[in-house]
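Engineer: Predicted model, plus sequence, below.
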Amino acid sequence: APTYNMIKTEVQGRVAIITLNRPKALNALCSELFYEINDALSRFDNDSGIGAVVLTGSERAFAAGADIKEMKDTEFVNNYKSNFLGHWVEQISKMRKPIIAAVNGYALGGGCELAMMCDIIYAGDKAVFGQPEINLGTIPGAGGTQRLTHAVGKSKAMEMILTGSVNLDAQEAMSYGLVSKVFPPEKLLEETIKTAAKIAAKGAVSVQMAKEAVNQAYELNLSSGLHFERRLFQATFATKDQKEGMAAFAEKRKPDFVHE
Ligand code: CO8
């Protein structure tokens, strides 16, 4: 495994855990940190021994946003030419395997956006979600205006993004559906890993197809989405795991999936 400066990685069974580890800057997302996240994500996505990924930070901060000090003097032309942010976030949105964010503490700006790029968000009860970019003279740049609006609706998303000072605590985030479960901070990672392990034990092909199909709900109209879903549903019958899953049910035993 490669050595990283700003993240830690760990594998527990079929679950990979990526921990952002830049504590002095509250995990501010600089280019090196994103390079390492992307590198770890693509390794785990291509590793057939891994079925799900957990992304987490520290108790104080999941991530306090893009690194303001690193980007403050950059200019439009260079940002444009280097596709600033675009290449940071490509890998995570291309992940075929499920990725679960375990958010303790601050998830602000790019940190909130990073959590929203994940498939499921679990939060510690001290978590704070916000999009403060407007206070810096800029706007969310990695999906905040789109994914937050889908998650919490227009009025709350506008209020958060336009004021830059209305944040959601963990319970509010759950009441809007941004977060699916809230835990005490010290239990969060353990509970997130449990859910990841549960997913990673299912047939990997149907898990990835299910993720693809759910994501199309944000891209397609209903009839196209239903068509997409039905074709993938039919395709699962080409897998060993569908035969195993249904045989196990009929024989009243637990399935033993081989991820093929
Ligand atoms: N960038 C750079 N450094 C940061 C950042 C950041 N976003 N956030 C915190 N730090 C640094 C501080 O500068 C400080 O460093 P130092 O000790 O050298 O002064 C250290 O982390 C600790 O921070 P504080 O002393 O400020 O800690 P507090 O507990 O007083 O405050 C806060 C915590 C409220 C989180 C505060 O640090 C804060 O407001 N941070 C900035 C939050 C913010 O505005 N985030 C949005 C950034 S813009 C953005 O994300 C654009 C989106 C682009 C997409 C990104 C791709 C996924």
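Structural biologist: On my side now, so go ahead.
Engineer: and stretch 72-88, does that touch the ligand?
Structural biologist: Yes - Stretch 72-88 reaches the ligand (CB under 6 Å from any ligand atom) through 85, 88. C-beta coordinates here come from the backbone N, C-alpha and C atoms, glycine included.
Engineer: Quick one: end-to-end length of that stretch, please.
Structural biologist: 17 Å (CA to CA, to the nearest Å).
Engineer: Not counting it itself, show me its contacts.
Structural biologist: With contacts defined as CB atoms under 8 Å, 6 or more residues apart in numbering, stretch 72-88 is touched by 29, 31, 34, 38, 66, 71, 141-142.
Engineer: go on, stretch 94-102?
Structural biologist: Under CB under 8 Å, 6+ apart, the answer for stretch 94-102 is 41, 44-45, 50-56, 62, 92, 114-115, 117-124, 188-189, 192, 195-196, 199, 204, 207-208, 211-212.
Engineer: can you tell me which of these are in strands?
Structural biologist: 52-56, 62, 120-124 (DSSP state E).
Engineer: Can you pick out the most distant pair from the residues you listed?
Structural biologist: Pairwise distances across the ones in strands among the contacts of stretch 94-102 (CB to CB) peak at 19.4 Å, for the pair 52 and 124.
Engineer: could you give the angle of the lowest-mean-pLDDT helix or strand in the chain to strand 52-56?
Structural biologist: Scoring the helices and strands of the chain by mean pLDDT, DSSP states H and E places helix 86-94 at the bottom, with a mean of 87. Angle, helix 86-94 to strand 52-56, by axes from the mean of the first three to the mean of the last three CA atoms, to 10 degrees: 130 degrees.
Engineer: In helix 86-94, which residues are buried?
Structural biologist: 88-89, 91-92 (16 or more other CB atoms under 10 Å).
Engineer: Next: stretch 70-87.
Structural biologist: Neighbour count says stretch 70-87 has 71, 84-85 buried, by 16+ other CB under 10 Å.
Engineer: Now tabulate those residues in CSV and tack on pLDDT.
Structural biologist: Converted to CSV, those look like this (pLDDT from 0 to 100):
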residue, pLDDT
71, 95
84, 91
85, 88
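Engineer: okay, stretch 26-45 in PDB with CA atoms only?
Structural biologist: What follows is stretch 26-45, C-alpha atoms only, in PDB (Å, rounded to 0.1, in the frame of the first residue of the first chain):
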ATOM      1  CA  LEU A  26      -9.300  21.000  10.100                       C
ATOM      2  CA  ASN A  27      -8.900  18.800   7.100                       C
ATOM      3  CA  ALA A  28      -9.100  21.700   4.700                       C
ATOM      4  CA  LEU A  29      -9.100  20.200   1.200                       C
ATOM      5  CA  CYS A  30      -5.800  21.200  -0.500                       C
ATOM      6  CA  SER A  31      -4.700  19.700  -3.800                       C
ATOM      7  CA  GLU A  32      -2.300  17.200  -2.100                       C
ATOM      8  CA  LEU A  33      -5.100  15.900   0.200                       C
ATOM      9  CA  PHE A  34      -7.500  15.500  -2.800                       C
ATOM     10  CA  TYR A  35      -4.700  13.800  -4.800                       C
ATOM     11  CA  GLU A  36      -4.400  11.300  -2.000                       C
ATOM     12  CA  ILE A  37      -8.200  10.800  -1.600                       C
ATOM     13  CA  ASN A  38      -8.500  10.100  -5.300                       C
ATOM     14  CA  ASP A  39      -5.600   7.700  -5.300                       C
ATOM     15  CA  ALA A  40      -7.000   5.700  -2.400                       C
ATOM     16  CA  LEU A  41     -10.500   5.700  -3.900                       C
ATOM     17  CA  SER A  42      -9.400   4.400  -7.300                       C
ATOM     18  CA  ARG A  43      -7.300   1.700  -5.700                       C
ATOM     19  CA  PHE A  44     -10.200   0.500  -3.600                       C
ATOM     20  CA  ASP A  45     -12.700   0.800  -6.500                       C
END
